[in-house]
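Colleague: got a structure for you, letters missing:
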DNA sequence: TCCTCTTGCGCC
DNA sequence: AAAGGGCGCAAGAGGA
């Protein structure tokens, strides 16, 4: 069996073309046209797999981008594909690694670079805005940006071979090995994102509706009007100020009204309002909380995003420069905690909810190889262990200090905490401080697996030494330093999370009887947290798979380290009961 | 009317 | 006195 197969769907219809490749990307045979791409892919994926036995990995599927090649195929496949190489995602990783951050990454752009042709800009990601304009844009048959007449399969094959060459050209063998892992993990992320969008997160609209009604009042009959309790609260708030009527959603009008009532405010941020001794402040805080639920996750959101008892988020793999995922529409990564009540497993099914405990400080310990910090990260509660050794048992101080070190915080009473950390954990603190200095000097930093941060803006690079010694320039430089300081942590945590997803996905697929509808499904991912929706009888095995996947990710990304990356796992019917 | 910027808050 | 990283989303403000 060929280790890799290039795949290009026909722009219209169910067919497509395939071509077997070796690991370097050289063709092992001629292109083959098939009438039913789903059936052809499934046959090659299953080839040589004995029924019920341990599965040898299928071929690594090579395609332009998962959303055009994998998502349409998913409903037609009896089982999930094991592995892929997503050219668009890998192109972005390579461009950043090569110091060409932000260059167009579509298949067409990569192919034109290869051929010395003018490189087309990437198209904006299709979102709701374009969907409003009609389906043509959203479901355009070709977003690959290939010039007219170019053969998509030939472009896939050529760009893939070139990417493999660029990866092989990474001089340091260990760095090359880690980058290969990054390429595989990022591509696995593309599979997961497409599958989550296909399966969806179980969402009980009746529970959601009841919650909204309790908080806001019954759903207004006329769309666009405020529900009763929210409108009442707005009136009560304005009465408490005793001024002329104004729009409570306008911060400028709210500030003016408070000033007229003799309460000057710097802003209408809730943390500031909470310190204001006036009845109207408390009412405004409550109004803003409820109003936010209404506008961001109310009935309109439900109408737009929940179908058939499932919330189908649109994830953008690698959408954040650090490698975190972003989302497009639906706010998948910002679901308010209170709405977790509405996430309920189907009858006979359960949710396995797992989140990595204190991921970022553990990443710092593993990255810096600080022996002392690693000891605190070898067991359960890292902050507790840190507090016991360095902060007289004060866990809050330990947490505040360590987070401050990773974010570059200098405000408040954090100075003494940082000094303590610097004394006790010089390697760890030296690691983030070196990253900060690199940023302040205009350099770039990279994650453990080799995801490189964007370069500073041209404005920053134009700053002279005199500028950075001054106030405005110094502020800019320190902001860049905070960014690179945090990047090494956040991006390496994202490396680990991607490896976790890949390892967990493989284990879940091995748990399931081939072709069965009753198989566990990854239905949610949020930076350091996963939810698996599983038949109840498999929940324990899924929980075990999560733990094993966490340890596999640790091994793959950080190798031989005493640091552990435990996941706290809950098996529940309702997401809200997980913590 | 359309568009961009700012504000503020949700999540990690 | 202020001095924390990364996002997405909705609404208002204000200019074109």
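Modeller: Arrived safely. As the structure is a computational prediction, the values presented were derived from the model and not from experiment. Numbers count the residues shown, from 1 in each chain, chains lettered A, B, ... in the order given.
Colleague: Quick one: mean pLDDT over the helix or strand encompassing residue A:291.
Modeller: Assessed by DSSP states H and E, residue A:291 sits inside helix A:279-297. Mean pLDDT, computed over helix A:279-297, is 92.
Colleague: Summarise which helices and strands it is packed against.
Modeller: helix A:205-216, helix A:228-241, helix A:270-273 (3 or more C-beta pairs under 8 Å, 6 or more residues apart in numbering; DSSP states H and E). In short, each C-beta sits where N, CA and C put it, glycine included.
Colleague: can you put those in JSON lines and add mean neighbour count and distance to residue A:506?
Modeller: Listed next are the helices and strands packed on helix A:279-297 as JSON lines, based on neighbours: other C-beta atoms under 10 Å; distance: least, C-beta to C-beta, whole Å:
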{"stretch": "helix A:205-216", "mean neighbour count": "16", "distance to residue A:506": "33"}
{"stretch": "helix A:228-241", "mean neighbour count": "17", "distance to residue A:506": "47"}
{"stretch": "helix A:270-273", "mean neighbour count": "14", "distance to residue A:506": "43"}
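Colleague: And these: which comes nearest DNA strand B?
Modeller: Nearest of the helices and strands packed on helix A:279-297 to DNA strand B, taken as C-beta to the nearest atom of the strand: helix A:270-273 at 3.2 Å.
Colleague: and the closest one, what does it pack onto?
Modeller: Partner elements for helix A:270-273 (3+ C-beta pairs under 8 Å, 6+ apart): helix A:279-297.
Colleague: Give me the residues contacting the helix it packs on.
Modeller: Residues from elsewhere that reach helix A:279-297 (C-beta atoms under 8 Å, 6 or more residues apart in numbering): A:212, A:215-216, A:226-227, A:229-230, A:233-234, A:236-237, A:240-241, A:248-249, A:254, A:258, A:261, A:263, A:268, A:270, A:273-274, A:331, A:334-336, A:338-339.
Colleague: show me which of those neighbour DNA strand B.
Modeller: A:268, A:270, A:273, A:334, A:335, A:336, A:338 (C-beta under 7 Å from any atom of the strand).
Colleague: ok so, going back, tell me the buried residues in the helix holding residue A:291?
Modeller: A:280, A:281, A:283, A:284, A:285, A:287, A:288, A:290, A:291, A:293, A:294, A:297 (16 or more other C-beta atoms under 10 Å).
Colleague: Show me how far it is from its chain's centre.
Modeller: Remark: helix A:279-297 is offset 28 Å from the chain centroid, using C-alpha atoms, centre = their mean, to the nearest Å.
Colleague: how about the residues of chain A near DNA strand B?
Modeller: A:251, A:267-271, A:273, A:288-289, A:292, A:296, A:333-338, A:355, A:526-529.
Colleague: Just list the residues touching the residue of the stretch 351-500 of chain A found nearest DNA strand B, thanks.
Modeller: Nearest residue of the stretch 351-500 of chain A to DNA strand B (C-beta to the nearest atom of the strand) works out as residue A:355 at 6.6 Å. Residue A:355 sits next to A:528, A:529, A:530, A:567, A:568 when contact means C-beta under 8 Å, 6+ apart.
Colleague: Out of those residues, flag the one nearest to residue A:480.
Modeller: residue A:528 (25.3 Å; C-beta to C-beta).
Colleague: thinking that closest one is in contact with residue A:358, fair?
Modeller: No: if you go by C-beta atoms under 8 Å, residue A:528 and residue A:358 don't touch, sitting 9.4 Å apart.
Colleague: quick one, strands of the stretch 101-250 of chain A?
Modeller: A:201-202 (DSSP state E, counting those that start in this stretch).
Colleague: Show me the helices in it, by range?
Modeller: Secondary structure of the stretch 101-250 of chain A by DSSP state H, counting those that start in this stretch: the helices cover A:107-115, A:128-132, A:135-138, A:152-168, A:173-199, A:205-216, A:228-241.
Colleague: Need the residues that contact the first one.
Modeller: If I follow you right, that is helix A:107-115. Residues contacting helix A:107-115 (C-beta under 8 Å, 6+ apart): A:64-65, A:87-88, A:91, A:103, A:117-122, A:144-147, A:150, A:152, A:155-156, A:158-159, A:162-163.
Colleague: Whichever of the residues you listed end up buried, select them in ChimeraX.
Modeller: Buried residues within the contacts of helix A:107-115, by 16+ other C-beta under 10 Å, are selected in ChimeraX with:
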select /A:64,65,87,88,91,103,119,120,122,144,145,146,150,152,155,156,158,159,162,163
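Colleague: okay, now the residue nearest to residue A:34 when sequence neighbours are not counted: neighbour count?
Modeller: Using C-beta to C-beta, 6 or more residues apart in numbering and skipping residues adjacent in sequence, the residue nearest residue A:34 is residue A:40, 4.0 Å away. Neighbours of residue A:40 under the rule other C-beta atoms under 10 Å: 19.
Colleague: Now which of the ones next to DNA strand B among the contacts of helix A:279-297 would you call buried?
Modeller: A:268, A:273, A:335.
Colleague: Out of those, which comes closest to residue A:45?
Modeller: residue A:335 (33.4 Å).
Colleague: Just say helix, strand or coil for residue A:75.
Modeller: Here residue A:75 is recorded as helix under DSSP: H, G, I helix; E, B strand; the rest coil.
Colleague: For it, give me its contacts.
Modeller: Contacts of residue A:75 (C-beta under 8 Å, 6+ apart): residue A:198.
Colleague: The one 10 residues further on now?
Modeller: Residue A:85 makes contacts with A:4, A:60, A:61, A:62, A:63, A:160, A:163, A:183, A:184, A:187, as judged by C-beta under 8 Å, 6+ apart.
Colleague: Scan those residues and report the most crowded one.
Modeller: Of the contacts of residue A:85, with other C-beta under 10 Å as the count, residue A:62 tops at 29 neighbours.
Colleague: can I assume that one is in contact with residue A:2?
Modeller: No: the criterion here is C-beta under 8 Å, and residue A:62 misses it with residue A:2 at 10.5 Å.
Colleague: any shared contact partners between these two?
Modeller: residue A:21.
Colleague: Helices - which of the ones next to DNA strand B among the contacts of helix A:279-297 land there?
Modeller: Under the assignment DSSP state H, these contribute A:270, A:273 to helices.
Colleague: And the ones next to DNA strand B among the contacts of helix A:279-297, which is closest to DNA strand C?
Modeller: residue A:334 (5.6 Å).
Colleague: any idea how far the closest one lies from residue A:326?
Modeller: 11 Å (C-beta to C-beta, to the nearest Å).
Colleague: Then residue A:569?
Modeller: For residue A:569, the distance to residue A:326 - C-beta to C-beta - is 26 Å.
Colleague: Repeat that for residue A:63.
Modeller: Distance from residue A:63 to residue A:326, by C-beta to C-beta: 21 Å.
Colleague: Can you check which helix is longest in chain A?
Modeller: Longest helix in chain A, counting by DSSP H: helix A:471-511.
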